[in-house]
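[1] Sequence below, structure please.
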Amino acid sequence: MTRYRDNPEAIRALVQPQQVHRDLYISPELFELEQEHFFANTWNYAGHDSQVPKPGDFITVDIAGRPLIVVRHTDGTVKVLMNRCAHKGSRVVNGACGNTGKFFRCPYHAWTFKTDGAPLAIPLKNGYEGTALKECDASKGLVPVRHVRLYRGFIFVKLNDVGQDFEEYFGNSLSSIDNMADRSPEGELEVAGGCLRFMHQCNWKMFVENLNDTMHPMVAHESSAGTAKSMWAGQPADAPKPMAIEQFVPFMSDYQFFDGMGVRVYDNGHSFSGVHFSIHSKYSGIRGYEDAMKARYGDERTAQILGMARHNTVYYPNLTIKGAIQAIRVARPVAVDRTLVESWTFRLKGAPDELLQRTTTYSRLINSPFSVVGHDDLQAYRGIQAGLHASGNDWVSLHRNYDEQEGRAPEETSNGTNELPMRNQYRSWLKHMTLTMGA
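    Residues are numbered from 1 along each chain as shown. So this is what the prediction gives:
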């Protein structure tokens, strides 16, 4: 028995202005519908063009339940193709990354395709003479994704034809990507090293909500960041801080600090915390970096770029970036109660290597499977995912600092502990979830 399929009114009833129904986190049926409707109707991050620098280079990703290939075509452009052979439906590529040369070859029957998906060769092709092969989809090759956009090296895709174009969907939220790329003295980023993958035992929306939840750090991270703060408490105020201490201790800032950071939201669920400052604002300078920036941008522009230290920017639904430390995380929903979180670090082209060291240190401390901070969050997620199955209360509160006027402007700014980002996400979820579900 299905409760929500072909029933947009039932789905609309799940999202109220100040609370959402627990089924959003625990219903397998809703999770399946999200893949079919929500994720396919929104723009999702697929990868970075520095991951496919040469013709034939590819990566594979799954978005909205569809296996995709991101590949550098022989003409130098980036293509995104469905990872499904036009013949029998086999995945054409099974590896996470590599170089395919000038064509893809299906491992099942050796049908081959150009790197733009066009059909190239079929074994014993004369066996199809007199058949209707040329009139069917099998003759068309690998299906290309129609809506692909590269922005400052970030590759986004939208799988359905409905919905907003790229610029309208993201609007001014793209300023965080601009700031991250502008932090390079050459204005370009490149992925550095491999990926840290961390399976979270929770619904994907829980992870994304938490990114701009500033009421939890001083509580959930007391055992990790609190210990670091206690260890450093006896040091002189002017003592140089080890990089790990510099990154750990701000998590234990008080409510007033996080409230003063401020939060800004944009249409379609995007947001960032750290309008005025953030936990990254007081990192030590890196020798030679500011001089390299000034040589490219000048004093005033350099001050503007480096003065922006946003905490987490959420590009709803699956990407979050930390421009101040050149790191991103990508949410890959696996099941209603499992989310694979990928953490990627970036090198700022033309910047000193110490900046990359800072980034990798942060990723190991905060985002890796061995992170002491990350496991604080994971424990909270597990507890919520289990607790939501309890009876007696079907709703999850999003009441903090609610204003009935919110959601009417394309962007809004508020205090940092406001739950505005979460409410903004669910307005977007509801809009895009029901976009292709009829009246």
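[2] distance of the residue most central in space within the chain from A96?
    Closest residue to the average C-alpha location of the chain: L319 at 1.2 Å, with Cα atoms, centre = their mean. Counting by Cβ to Cβ, to the nearest Å, the gap from L319 to A96 is 18 Å. C-beta: built from backbone N, CA, C; applies to glycine.
[3] again, but for H73
    Where A96 is concerned, H73 sits at a distance of 19 Å (Cβ to Cβ).
[4] In terms of neighbours, single out the busier of those two.
    Shown here are H73 and A96; by other Cβ atoms under 10 Å, H73 has more neighbours (17 against 11).
[5] Let's verify P240: helix, strand, or coil?
    coil (DSSP: H, G, I helix; E, B strand; the rest coil).
[6] Contacts only, for it.
    By Cβ atoms under 8 Å, 6 or more residues apart in numbering, P240 lies in contact with S284.
[7] tally of neighbours for the spatially closest residue to Y316 that is not a sequence neighbour?
    Residue nearest to Y316 in three dimensions, not counting chain neighbours: G269, with 3.0 Å by Cβ to Cβ, 6 or more residues apart in numbering. G269 has 25 neighbours, counted by other Cβ under 10 Å.
[8] show me what contacts G269?
    G269 makes contact with V314, Y316, P317, N424, Q425, R427, S428, W429, according to Cβ under 8 Å, 6+ apart.
[9] Let's test this: what are the backbone torsions at it?
    phi 90, psi 0 (degrees, to the nearest 10).
[10] Just the C-alpha atoms of stretch 381-395, please, in CSV.
    What follows is stretch 381-395, C-alpha atoms only, in CSV (Å, rounded to 0.1, in the frame of the first residue of the first chain):
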residue,chain,number,x,y,z
TYR,A,381,22.2,11.5,14.0
ARG,A,382,21.9,7.8,15.0
GLY,A,383,20.0,8.9,18.1
ILE,A,384,17.6,11.1,16.1
GLN,A,385,17.0,8.4,13.4
ALA,A,386,16.1,5.9,16.1
GLY,A,387,14.1,8.3,18.2
LEU,A,388,11.9,9.4,15.4
HIS,A,389,10.3,5.9,15.3
ALA,A,390,8.9,6.5,18.8
SER,A,391,5.1,7.1,19.0
GLY,A,392,3.3,10.0,20.6
ASN,A,393,4.8,12.9,18.6
ASP,A,394,4.8,12.9,14.8
TRP,A,395,6.4,16.3,14.4
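[11] Okay, now the unreliable bits of the protein?
    Low-confidence segments of the chain (pLDDT under 70): 1, 439.
[12] Grab the longest helix from it for me.
    For the chain, the longest helix by residue count, based on DSSP state H, is helix 372-387.
[13] For it, name the packing helices and strands.
    Using 3 or more Cβ pairs under 8 Å, 6 or more residues apart in numbering; DSSP states H and E, the elements in contact with helix 372-387 are helix 23-26, strand 196-200, helix 204-210, helix 217-220.
[14] Pick the most buried one from these.
    Of all the helices and strands packed on helix 372-387, helix 204-210 carries the top mean neighbour count, a mean of 22, counting by mean count of other Cβ atoms under 10 Å.
[15] Next, the buried residues of stretch 118-136.
    Along stretch 118-136, these residues count as buried under the neighbour rule (16 or more other Cβ atoms under 10 Å): P119, I122.
[16] Kindly report the same for stretch 337-353.
    By neighbour count, with 16+ other Cβ under 10 Å as the criterion, the buried positions of stretch 337-353 are 337-348, 351-352.
[17] Stretch 239-246 now?
    I245, E246.
[18] ok now it, how far from the chain's centre?
    Offset of stretch 239-246 from its chain centre (Cα atoms, centre = their mean, to the nearest Å): 29 Å.
[19] so how far is the first residue of it from its last?
    Start and end residues of stretch 239-246 are separated by 11 Å (Cα to Cα, to the nearest Å).
[20] And stretch 255-269, by the same measure?
    One end of stretch 255-269 to the other measures 24 Å (Cα to Cα).
[21] and the chain, what are its domains?
    Per automatic domain parsing, the structural domains of the chain span 46-150, 189-433.
[22] Comparing those domains, which comes out most buried?
    domain 189-433 (a mean of 18).
[23] on that earlier part again, could you work out which of the domains of the chain reaches nearest to Q18?
    domain 189-433 (4.7 Å; Cβ to Cβ).
[24] what about that closest one, start to end distance?
    The straight-line separation of the ends of domain 189-433 (Cα to Cα) is 33 Å.
[25] now do stretch 315-330
    Per Cα to Cα, stretch 315-330 runs 10 Å from first to last residue.
[26] Walk me through which strands the longest strand that the chain contains pairs with, and which way each runs.
    Using DSSP state E to define each element, the chain has its longest strand at strand 338-348. Strands adjacent to strand 338-348 in the sheet, as given by DSSP bridges, are strand 189-191 (antiparallel), strand 196-200 (antiparallel), strand 327-335 (antiparallel).
[27] quick one: which of the ones you listed is nearest V157?
    V157 lies closest, by Cβ to Cβ, to one member of the strands paired with strand 338-348: strand 327-335, at 12.8 Å.
[28] Specify the residue positioned farthest from the middle of this protein.
    Largest centroid distance in the chain under Cα atoms, centre = their mean is G130 at 48.4 Å.
[29] Please identify which helix or strand holds that one.
    With secondary structure defined by DSSP states H and E, G130 is part of neither a helix nor a strand.
[30] phi, psi of it?
    phi 80, psi 0.
[31] end-to-end on stretch 248-255?
    16 Å.
[32] quick one: that stretch to chain centroid distance?
    Distance, centroid of stretch 248-255 to centroid of chain: 24 Å (Cα atoms, centre = their mean).
[33] what's it in contact with?
    Counting by Cβ under 8 Å, 6+ apart, 215, 217-218, 221-222, 224-226, 228-229, 232, 241, 279-280, 282, 365, 373, 417 sit against stretch 248-255.
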